[in-house]
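1. 3D, please:
(one chain, ligands or ions: 1)
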Amino acid sequence: MSPSSIHLQDVTIAFDRHPAVHHLSGSFVPGSLTAIVGPNGAGKSTLLRALMNDLPLASGRIDRGHVMPTDIGYLPQAADIDRRFPITVGDVVLLGSWRQAGAFRAVSEGSVSEARRALSSVGLTGFEQRLIGTLSAGQFQRVLFARLLLQNAKLILLDEPFTAIDARTTHDLLQVVRRWHQDGRTVIAVLHDVEQVRAHFPQTLLLAREPVAWGPTATTMTSDYLMRARLMAERWDETAAICDVPDQSAA
Ligand SMILES: Nc1ncnc2c1ncn2[C@@H]1O[C@H](COP(=O)(O)OP(=O)(O)OP(=O)(O)O)[C@@H](O)[C@H]1O
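-> Numbers count the residues shown, from 1 in each chain. Below is the predicted model:
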């Protein structure tokens, strides 16, 4: 294992001791570009949240190597974001720099210029003063990518970044993802579009609560493995017995 790989060792993540991700082991190599694919409820978002240390593990271990919490950029599912808050596009993008700048420091002229450049690079030149609530879904997704650009993260976690986004915007944002990959950042994206994964993501983790396959996309996104993931999902029993994982609350 490379020292800066993100290594998962027999990871189980549970809600009320019902596992959402079960016995997952493997590594995200530095600079890799990985899609996480699987049926609804497969544990994909749960895994992303655990990777950014937002959820405790029921058992197992995640070793993030040299990746510090401030090195992680996270794009949640669009549905999880309340856009009624009266904040401008420019301020949302500038939030990407607060980890480097500090929460209570004045925003530097440099950061403002960087935010402007980030907005231009996602096709939103001149949108700085718009309130986020007035944007279309695709425009808002571009804003969130601009914020990630400013964050300059080593590890980028994207949860369904192209859902409900039109082809042109998806194409543009895929170019941003490609540039992150070329820069040597580690990018992990939850996706549902199998063809998009095959075309743009060299690595795939196929998850159906338990890992189905993890490796080069050509060998993991086969009809056999996809079928296996679907069958595993159909066999799920939400009322199944509680998982016999050690109770960490007593530790
Ligand atoms: N906060 C929570 N409390 C209880 N159960 C949860 C919670 N969050 C997720 N779950 C359950 O964990 C399982 C995995 O959910 P998760 O959101 O990770 O799936 P997903 O693969 O991202 O699904 P989708 O493709 O539908 O977004 C589901 O059964 C879900 O109901």
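2. where does pLDDT dip in the stretch 1-150 of the chain?
-> When residues are selected by pLDDT under 70, those of the stretch 1-150 of the chain lie in 1-4, 79-80, 99-107.
3. up against the ligand, what does it have?
-> Neighbours of the ligand within the stretch 1-150 of the chain, by CB under 6 Å from any ligand atom: F15, A20, G38, N40, G41, A42, G43, K44, S45, T46. All C-beta spots, glycine's among them, are computed from the backbone N, C-alpha and C.
4. swap in 8 Å and give it another go.
-> Contact residues (CB under 8 Å from any ligand atom) of the stretch 1-150 of the chain with the ligand: 15-16, 18, 20-21, 38-49, 77.
5. ok, M221 to the ligand distance?
-> 16 Å (CB to the nearest ligand atom, to the nearest Å).
6. how many other residues sit next to that residue?
-> M221 has 19 neighbouring residues, counting by other CB atoms under 10 Å.
7. surely it meets A199?
-> No. Look at M221 against A199 with CB atoms under 8 Å: they stay out of range, at 10.8 Å.
8. give me the buried subset of the residues of the stretch 1-150 of the chain next to the ligand.
-> When those are checked for burial by 16 or more other CB atoms under 10 Å, the buried set is A20, V21, G38, P39, A42, G43, K44, S45, T46, L47, L48, R49.
9. so which two of the residues you listed are the farthest from each other?
-> The distance between the two most remote of those (CB to CB) is 18.2 Å, for P39 and R49.
10. select from the buried ones among the residues of the stretch 1-150 of the chain next to the ligand every entry located in helices.
-> K44, S45, T46, L47, L48, R49 (DSSP state H).
11. right, and the first one touches L24 too?
-> Pointing back at K44 there. No. K44 is beyond contact range of L24, at 11.3 Å (criterion: CB under 8 Å).
12. identify the contacts common to those two.
-> L207 (CB atoms under 8 Å, 6 or more residues apart in numbering).
13. and the ones in helices among the buried ones among the residues of the stretch 1-150 of the chain next to the ligand as CSV, adding distance to V143?
-> Shown next, in CSV, are those (distance: CB to CB, whole Å):
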residue, distance to V143
K44, 23
S45, 21
T46, 26
L47, 25
L48, 20
R49, 22
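14. the stretch 51-200 of the chain: helices as residue ranges?
-> Ranges of helices in the stretch 51-200 of the chain, per DSSP state H, counting those that start in this stretch, are 89-94, 98-101, 109-121, 137-151, 167-182, 194-200.
15. tell me which stretches of the stretch 1-150 of the chain form strands.
-> 6-15, 18-28, 33-37, 59-63, 72-75 (DSSP state E, counting those that start in this stretch).
16. tell me which of those is the most buried.
-> Mean neighbour count (mean count of other CB atoms under 10 Å) peaks for strand 33-37 among the strands of the stretch 1-150 of the chain, with a mean of 25.
17. for it, which strands pair with it and how are they oriented?
-> Next to strand 33-37 in the sheet, as set by DSSP bridges, lie strand 186-190 (parallel), strand 203-208 (parallel).
18. now do the domain split for the protein, please.
-> Taking automatic domain parsing as the criterion, the chain consists of the domains 1-67+155-242, 80-153.
19. which one of the ones you listed lies nearest to G73?
-> The closest of the domains of the chain to G73 is domain 80-153. By CB to CB, the value is 3.2 Å.
20. that closest one: how far from the chain's middle?
-> Averaged C-alpha coordinates place domain 80-153 at 18 Å from its chain's average position (CA atoms, centre = their mean, to the nearest Å).
21. do the same with stretch 148-168
-> So, by CA atoms, centre = their mean, the centroid of stretch 148-168 is 7 Å from its chain's centroid.
22. so that it lines up with my notes, have the first residue be 37 from now on.
-> New numbering, starting at 37: the last item is stretch 184-204.
23. may I have it as CSV, with CA atoms only?
-> Provided in CSV are the C-alpha atoms of stretch 184-204 (Å, rounded to 0.1, in the frame of the first residue of the first chain):
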residue,chain,number,x,y,z
LEU,A,184,-14.3,23.0,-5.1
LEU,A,185,-11.8,24.6,-7.5
LEU,A,186,-11.0,27.2,-4.9
GLN,A,187,-10.7,24.6,-2.1
ASN,A,188,-7.7,23.1,-3.9
ALA,A,189,-8.5,19.7,-2.3
LYS,A,190,-6.3,16.6,-2.7
LEU,A,191,-9.3,14.3,-2.3
ILE,A,192,-12.5,15.2,-4.0
LEU,A,193,-15.7,13.4,-3.2
LEU,A,194,-18.7,14.0,-5.6
ASP,A,195,-22.1,12.6,-4.7
GLU,A,196,-24.2,12.2,-7.9
PRO,A,197,-22.7,15.4,-9.4
PHE,A,198,-24.5,15.1,-12.8
THR,A,199,-28.0,14.1,-11.7
ALA,A,200,-30.6,16.4,-13.3
ILE,A,201,-27.9,18.3,-15.1
ASP,A,202,-28.2,18.8,-18.9
ALA,A,203,-25.7,17.3,-21.4
ARG,A,204,-23.8,20.5,-22.0
